[in-house]
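S.K.: please find the sequence and the predicted model below.
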Amino acid sequence: MSILVVADVVDDVLLPSTFSAITAARQIAALAGSDVHLLLTGHQFDSSLEVASKAGCDRVFVASSDALADRNPESVAATILALNPNEYTHYLFSSTNFGKSVAPRVSAKLDVAQFSDVTAVRSESTFERRTYAGNVIVCVEALNKVKVLTVRSAAFARTPASETKAEIEACPAVEHPNRSRVKERFADKSDRPDLASAKIIVSGGRGLGSKENYENVLTPLADKLGAALGASRAAVDSGFASNDHQVGQTGKIVAPDVYVAIGLSGAIQHLAGMRDSKLIVAVNSDPDAPIFGVADVGLVADLFEVIPQWVVMA
Ligand code: FAD
């Protein structure tokens with residue numbers, strides 16, 4: 001039997017979250033004695049195929065078709081289910097928007113439970129996940145024969161490139177008669193590291209006061225540190241930063257080497273997205289701000305005084 005990892009590929013790039021899902025799959029495979037297969041869905045594949053072949057999987061399937069160009073979740077789910085259904089005990093997806101939109105469709109079609117945001121593998125059918133905004137870790141057992149999981153990328157190291165190469169095998173792409181069509185795609189183009197996989201993140205909150213302050217105070221520090229920019233929900237809701245900057249329960253889950261929290265209080269919903277960071281640095285004028293409860297290094301100060309000084313010293 002085998003485990004299928006569904007790759008998250010955007011513009012011919014295999015996203016780092018896919019390698020974390022492969023790590024989780026390999027952990028299950030080691031316990032269950034299974035193979036790990038990887039499926040790429042989309043169109044116009046080139047360099048991603050070489051990367052996929054060295055991703056440490058036993059077989060790599062590619063479903064390439066214009067019908068999958070927009071990675072429409074109905075068509076991707078139909079393509080996944082067109083692979084031999086008797087082959088797979090587990091279907092793994094990363095907890096990205098893509099994974100979170102396809103996995104429920106696959107689990108519904110298979111009529112099995114889905115386990116979301118898995119953070120650890122205990123056995124081939126027992127997994128850990130967080131609940132109550134990350135404050136409680138629950139251990140859940142999947143009783144269905146087939147398991148559908150989404151995997152939290154921050155919880156699993158990325159599988160390194162393998163010496164051996166798996167062959168790339170074409171498989172059928174299935175176009176679902178969707179009721180929806182993607183009309184247009186917008187992507188923020190930035191030279192900054194991607195927030196979800198950055199090693200350093202500089203994140204700002206409502207304490208910055210305005211979009212101009214967010215940009216003028218945080219950007220020079222992020223530039224100096226080579227960091228990605230993040231934000232609290234209050235900062236996003238106030239228009240300081242765009243939605244894709246939001247860290248937290250309803251934003252991105254991150255676990256960088258260093259997380260710098262500036263002018264944000266550390267509400268539990270924010271902590272749910274960044275508490276696994278290796279080093280947390282907080283700057284806040286309120287000594288009782290909850291962020292200091294999780295910070296490794298804390299500075300009680302006015303951010304408008306200390307951040308420009310930090311930029312000069314960095
Ligand atoms: P505040 O709580 O207002 O904190 C601002 C901080 O700035 C204060 O601690 C203040 O002391 C400090 N400050 C002010 N001026 C200065 C200064 N000059 N120098 C230094 N410090 C200063 N929030 C998220 O972030 N992410 C989520 O994903 C998320 N999901 C949510 C989901 C739900 C269902 C709900 C109900 C809420 C969610 N929230 C989320 C919102 C969350 O509860 C908080 O409201 C939000 O995180 C607060 O943002 P903040 O820390 O920027 O603002």
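M.R.: Arrived safely.
S.K.: so how far is Arg185 from Thr159?
M.R.: Distance, Thr159 to Arg185, by Cβ to Cβ, to the nearest Å: 28 Å. Placement of C-beta: from N, CA and C, glycine included.
S.K.: neighbour-wise, which of those two wins?
M.R.: More crowded of Thr159 and Arg185, by other Cβ atoms under 10 Å: Thr159, with 21 against 9.
S.K.: and the more buried one, what does it touch?
M.R.: Contact analysis of Thr159 by Cβ atoms under 8 Å, 6 or more residues apart in numbering lists 19-20, 22-23, 26, 55-56.
S.K.: got the residue ranges for the helices in the chain?
M.R.: For the chain, applying DSSP state H gives helices covering 16-32, 47-53, 73-82, 97-110, 211-213, 219-225, 233-237, 268-274, 291-294, 303-313.
S.K.: okay, those in a markdown table with mean pLDDT next?
M.R.: As requested, the helices of the chain are exported to a markdown table (pLDDT from 0 to 100):
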| stretch | mean pLDDT |
| --- | --- |
| helix 16-32 | 97 |
| helix 47-53 | 97 |
| helix 73-82 | 96 |
| helix 97-110 | 96 |
| helix 211-213 | 98 |
| helix 219-225 | 96 |
| helix 233-237 | 98 |
| helix 268-274 | 95 |
| helix 291-294 | 97 |
| helix 303-313 | 96 |
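S.K.: would JSON lines of the ones you listed with distance to Val60 and mean neighbour count be doable?
M.R.: Putting these into JSON lines (distance: least, Cβ to Cβ, whole Å; neighbours: other Cβ atoms under 10 Å) gives the following:
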{"stretch": "helix 16-32", "distance to Val60": "11", "mean neighbour count": "22"}
{"stretch": "helix 47-53", "distance to Val60": "5", "mean neighbour count": "17"}
{"stretch": "helix 73-82", "distance to Val60": "14", "mean neighbour count": "22"}
{"stretch": "helix 97-110", "distance to Val60": "18", "mean neighbour count": "19"}
{"stretch": "helix 211-213", "distance to Val60": "44", "mean neighbour count": "13"}
{"stretch": "helix 219-225", "distance to Val60": "36", "mean neighbour count": "17"}
{"stretch": "helix 233-237", "distance to Val60": "37", "mean neighbour count": "20"}
{"stretch": "helix 268-274", "distance to Val60": "32", "mean neighbour count": "22"}
{"stretch": "helix 291-294", "distance to Val60": "40", "mean neighbour count": "18"}
{"stretch": "helix 303-313", "distance to Val60": "45", "mean neighbour count": "15"}
